[in-house]
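[1] only the shape, not the letters, is given here:
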Ligand SMILES: Cc1cc2nc3c(=O)[nH]c(=O)nc-3n(C[C@H](O)[C@H](O)[C@H](O)COP(=O)(O)OP(=O)(O)OC[C@H]3O[C@@H](n4cnc5c(N)ncnc54)[C@H](O)[C@@H]3O)c2cc1C
């Protein structure tokens, strides 16, 4: 059988948005190439018929439900490998996110399959899928097709849009899977949001946004200190969110949030178009960048050319002194 198998992560009775994007995309593509748009869900008793069937709203034509620990990669690899081997799906599709990457990579190794990661678009061509992914620091795109089956496609976080397309509940089928010995060695101890996830950046008057120029995760302390002194909040680019330096809740741009604060201070941000669309309506844009030719200066009200490691602490000190 041809068709596309996706994975949907759930937590506290809800499927996550990124997964629903992948389910919607899988449903759209399955229609185009012909075949099932199936979804694998893994978890305990909280996976009710109603919850699993609700994936039909996003176009799923079938849901495979397995009892196994949720939120860990290896049990899902076991389940998806079995479903693909038994039912013969041609493609497995994942919304990006750390778990999607981990499961997709594990499944690729298990099935000796071909994989494309960081995919931003998938096209149906002559009954097959072609994955499109940016390369060379997003300055060009590559189109990847697959030799043999299954093909594994791992999207960028939130690259696929959640869309309601189905008109009823999807049928749910229970699958009994013998988990591999190593799949039960890890246990989920705690699940929660990352640091900063509680900040409502859409309502903040002042945002200090950090990009790859902060150098490393710890570099965000510089942005947090300045935001604290100014009474604002911290935002981030996708590059640093993808790198795990800051939570997704703070991402500004095409696949993140759109903001219009009184002051948007961009530190170590190049000013890519996908970032610009999320912050260009800010009343005042101040950019700090060591590269005088950085695109961000083209739409900033004030540009500071220099090293943010020197400028941010001095600025924080000056704001504190003025307030104090
Ligand atoms: C489909 C798609 C959707 C996307 N969606 C988004 C989105 O929603 N949001 C988003 O932000 N991006 C998005 N992107 C990614 C976007 O194209 C850029 O890759 C990203 O915005 C770059 O992030 P950055 O500015 O942090 O990193 P970089 O582009 O690497 O820029 C880092 C900057 O820091 C400067 N710098 C380095 N060191 C210092 C220093 N010590 N002092 C001062 N400056 C320094 C450098 O000169 C450079 O300009 C998307 C891309 C695609 C293809």
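    Ah, there it is. All values reported here derive from a predicted model rather than from experimental measurement.
[2] tell me which parts of the stretch 101-250 of the chain are close to the ligand?
    Applying CB under 6 Å from any ligand atom, we find that the stretch 101-250 of the chain lies next to the ligand at 120, 134, 138, 211, 212, 213, 237, 238, 239, 240. For glycine as for every other residue, the C-beta is placed from the backbone atoms N, C-alpha and C.
[3] ramachandran coordinates for the spatially closest residue to residue 264 that is not a sequence neighbour?
    Among residues not flanking residue 264 along the chain, residue 282 sits closest, at 3.7 Å (CB to CB, 6 or more residues apart in numbering). With angles defined as degrees, to the nearest 10, residue 282 sits at phi -60, psi 150.
[4] over to residue 319?
    Main-chain dihedrals, residue 319, degrees, to the nearest 10: phi -60, psi -40.
[5] right, and it touches residue 226 too?
    Yes - between residue 319 and residue 226 a contact is recorded at 7.1 Å, counting by CB atoms under 8 Å.
[6] more neighbours: which of those two?
    Neighbours were counted for residue 319 and for residue 226 using other CB atoms under 10 Å; residue 226 has more, 26 against 16.
[7] element containing the more buried one, please.
    For residue 226, the element it lies in under DSSP states H and E is helix 220-230.
[8] flag every buried residue along that helix.
    Using 16 or more other CB atoms under 10 Å as the test for burial, helix 220-230 gives 220, 222, 223, 224, 225, 226, 227, 229, 230.
[9] might you report the residue contacts of the closest residue to residue 176 other than its chain neighbours?
    In this structure, residue 176 finds its nearest non-sequential neighbour in residue 66, 7.6 Å apart by CB to CB, 6+ apart. Neighbour list for residue 66: 40, 41, 42, 75, 79, 174, 175, 176, 177 [criterion: CB atoms under 8 Å, 6 or more residues apart in numbering].
[10] what's the answer for residue 229, then?
    Neighbouring residues of residue 229 by CB under 8 Å, 6+ apart: 316, 319, 320, 323.
[11] tell me what the host helix or strand of residue 208 is packed against?
    Secondary structure from DSSP H and E places residue 208 in strand 206-210. Judged by 3 or more CB pairs under 8 Å, 6 or more residues apart in numbering; DSSP states H and E, the packing partners of strand 206-210 are helix 220-230, strand 233-236, strand 263-267.
[12] what segments of the stretch 201-324 of the chain are helices?
    In the stretch 201-324 of the chain, the segments counted as helices under DSSP state H, counting those that start in this stretch are 220-230, 238-242, 273-279, 308-323.
[13] could you dump those helices into a markdown table and include mean pLDDT?
    Shown next, in a markdown table, are these (pLDDT from 0 to 100):
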| stretch | mean pLDDT |
| --- | --- |
| helix 220-230 | 96 |
| helix 238-242 | 93 |
| helix 273-279 | 92 |
| helix 308-323 | 96 |
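[14] including distance to residue 250, could those go into TSV?
    Below are the helices of the stretch 201-324 of the chain laid out as TSV (distance: least, CB to CB, whole Å):
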stretch	distance to residue 250
helix 220-230	9
helix 238-242	7
helix 273-279	11
helix 308-323	17
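[15] look at the residue nearest to residue 176 and give its secondary structure.
    strand (DSSP: H, G, I helix; E, B strand; the rest coil).
[16] pLDDT value on it, please?
    Here, the pLDDT recorded for residue 66 equals 97.
[17] what bridges to it?
    residue 42, residue 175 (DSSP bridges).
[18] and the gap between it and residue 79?
    Taking CB to CB, to the nearest Å as the measure, residue 66 falls 4 Å from residue 79.
[19] joint contacts of these two?
    Counting by CB under 8 Å, 6+ apart, the residues touching both residue 66 and residue 79 are 40, 42, 175, 177.
[20] count of residues packed around the closest residue to residue 32 other than its chain neighbours?
    Spatial nearest neighbour of residue 32, chain neighbours left out: residue 124 (3.7 Å); criterion: CB to CB, 6+ apart. For residue 124, the tally of surrounding residues (other CB under 10 Å) stands at 15.
[21] so which elements touch the helix or strand harbouring residue 124?
    Element membership for residue 124 (DSSP H and E) is strand 121-125. Using 3+ CB pairs under 8 Å, 6+ apart as the contact test, the elements touching strand 121-125 are helix 17-33, strand 128-135.
[22] put together a markdown table for those, with mean neighbour count on each row.
    Shown next, in a markdown table, are these (neighbours: other CB atoms under 10 Å):
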| stretch | mean neighbour count |
| --- | --- |
| helix 17-33 | 23 |
| strand 128-135 | 18 |
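[23] for this protein, what helix or strand is lowest in average pLDDT?
    strand 10-11 (a mean of 88; mean pLDDT, DSSP states H and E).
[24] what sits up against that strand?
    16, 19, 41, 43, 46, 47, 51, 70, 71, 191.
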